[in-house]
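> Task: produce atomic coordinates for the following.
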Amino acid sequence: MSAPAVDPLAWTRADFPLLQRQLDNHPITHLDSASTSPKPQCVIDAVTRCYRDMTANVHRGVHGLSEEATDAFERARQEIASFIHASPSEIVFTRNTTESINLVAHGLRLQPEDEVVLTAIEHHSNFMPWMSGRWTATSWRSQATSCSVLQAWACCTANATGWRHWASIKSEAAW
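Numbers count the residues shown, from 1 in each chain. Predicted coordinates for the structure are as follows:
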């Protein structure tokens, strides 16, 4: 008789209340994190604390609640910068991935001859900004036309299908 299967992610799963639930007698496995991801309890608690204790506009007021909210916001910026070894001035908060990718796409000031390389399974929010026609967008599997590729984007796991693309990315990354 074999030992029962052990969930190698049980320690992580425990942090996410949503992942404690079951649907049709199966644990939830959440793949659609590009649009809405499960939140760990510490994030739920922090958001609740902000709404409960310091609902105020950040960088907009001179009253106590606004100053508390601004201080918390800037502490988060500093902590993220420290975590990724960046300067706080390099950290930009956006509402979502789509907004972030659009800021990058339009902020780079690419020229029509510049090339952006994408995989065929990119999420719509990553695919569309690069396909605007203002510069060359190439599928990952097609040959890059020059050595002047400025951006290469690669989705490692498709959120809609769960298909893992990592092996083919690693094998083709040498071009």
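> Now do the strands in this protein.
Taking DSSP state E, the strands of the chain run over residues 22-23, 26-27, 115-118, 136-139, 149-152.
> Okay, now the sheet partners of the second one, with direction.
Right, the one you point to is strand 26-27. The partner list of strand 26-27 in its sheet, established with DSSP bridges, is strand 22-23 (antiparallel).
> Low-confidence bits of the chain, can you list those?
1-4, 30-35, 120-121, 132-175 (pLDDT under 70).
> go again using 80 as the cut-off
Screening the chain residue by residue with the criterion pLDDT under 80, one finds the ranges 1-10, 29-36, 97, 108-175.
> for it, which helix is longest?
Looking across the chain with DSSP state H, the single longest helix is helix 64-83.
> for that helix, packing partners?
Based on contacts counted as 3 or more C-beta pairs under 8 Å, 6 or more residues apart in numbering; DSSP states H and E, the elements that helix 64-83 packs against are helix 41-53. The way it works is simple: take the backbone N, C-alpha and C, and place the C-beta from them, glycine included.
> what does the helix it packs on contact?
Counting by C-beta atoms under 8 Å, 6 or more residues apart in numbering, the neighbours of helix 41-53 from elsewhere in the structure are 15, 16, 17, 39, 68, 69, 72.
> Redo the residues you listed as CSV? Include distance to residue 93 and neighbour count.
Conversion of those to CSV gives the following (distance: C-beta to C-beta, whole Å; neighbours: other C-beta atoms under 10 Å):
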residue, distance to residue 93, neighbour count
15, 23, 14
16, 22, 19
17, 24, 12
39, 17, 15
68, 17, 15
69, 13, 20
72, 12, 16
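> Just name the closest of the residues you listed to residue 98, please.
Using C-beta to C-beta, residue 39 is the member of these that lies nearest residue 98, at 19.1 Å.
> ok, now how distant is residue 103 from residue 84?
Distance, residue 103 to residue 84, using C-beta to C-beta, to the nearest Å: 17 Å.
> out of those two, which sits in the more crowded spot?
More neighbours sit around residue 103 than around the other of residue 103 and residue 84, counting by other C-beta atoms under 10 Å; the figures are 13 against 8.
> what sits against the more buried one?
92, 94.
> Would you mark the buried spots in stretch 61-73?
The neighbour-count criterion (16 or more other C-beta atoms under 10 Å) identifies 66, 69, 70, 72 as the buried residues of stretch 61-73.
> can you check stretch 112-123 too?
For stretch 112-123, burial by neighbour count (16+ other C-beta under 10 Å) applies to 114, 115, 116, 117, 118, 119, 121, 122, 123.
> Could you identify the most distant pair in these?
Taking C-beta to C-beta as the measure, those reach their widest spread between 114 and 121, a distance of 22.6 Å.
> which residues does residue 78 contact?
residue 88.
> All set, thanks.
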